[in-house]
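1. With the input below, show me the fold.
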Amino acid sequence: MSLPKLQVMSWVYLAILTLGALVFHSVFFSWSVFVGGVISILSFWVSHNDVIRFFGSLTATAPIPEKEKIKRSRIGYIIKFWVRIVIIGIVLLVLIKYKKVNIFGLILGLSTVVFTVTITAVSVAWRYFFSGRR
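-> Numbers count the residues shown, from 1 in each chain. The predicted structure follows:
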């Protein structure tokens, strides 16, 4: 499964989790799940784009000036990674401090991408082991 398909599946799982939270709990809890899921999916999307750009800048037979460009690209990638983590931390801090979200709903929403990757990995392993291709 490709990463864009994983992102689509993440949105589908977020919708299911949000609706389930709305049905079984409350609007506030459902809002918290949705906010956590959006943060998680957007972070995954930005990370995916950064990794694609970073690996696109790498070449196996790069001349000397290109190696300096690759080094700068690697440093830029690391800086972007840490800036994204800090921004997410500040957003979560503000949301939790001012009680704009339920912490458990937020954690459930933040787990959206983890659920997507886990379910996808289990389904791929299931198809592999039970399709008779071993």
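2. When you work out contacts or count neighbours from here on, use the C-alpha atoms and nothing else.
-> Fine.
3. mind listing the strands for this structure?
-> Counting by DSSP state E, the chain has no strands to list.
4. Show me the residue at the heart of it, geometrically.
-> F44 (2.7 Å; Cα atoms, centre = their mean).
5. residues near the residue nearest to it when sequence neighbours are not counted, how many?
-> Distances taken as Cα to Cα, 6 or more residues apart in numbering place V113 nearest to F44, at 7.6 Å, with adjacent residues excluded. Residues contacting V113 under the criterion other Cα atoms under 10 Å number 24.
6. again with the one 5 residues further on
-> Burial measure for T118: 12 neighbouring residues, criterion other Cα under 10 Å.
7. try the one 4 residues further on
-> In terms of burial, V122 registers 11 neighbours under the definition other Cα under 10 Å.
8. ok, back up a step: assess the claim that the residue nearest to F44 and L42 are in contact.
-> No: under the criterion of Cα atoms under 8 Å, V113 is not in contact with L42, lying 9.9 Å apart.
9. on that earlier part again, okay, the residue nearest to F44: pLDDT?
-> Predicted confidence (pLDDT) for V113: 93.
10. And the helix or strand of the chain with the lowest mean pLDDT, what does it pack against?
-> Lowest mean confidence among the helices and strands of the chain (mean pLDDT, DSSP states H and E): helix 64-97, at a mean of 85. Helices and strands touching helix 64-97, as assessed by 3 or more Cα pairs under 8 Å, 6 or more residues apart in numbering; DSSP states H and E, comprise helix 27-57.
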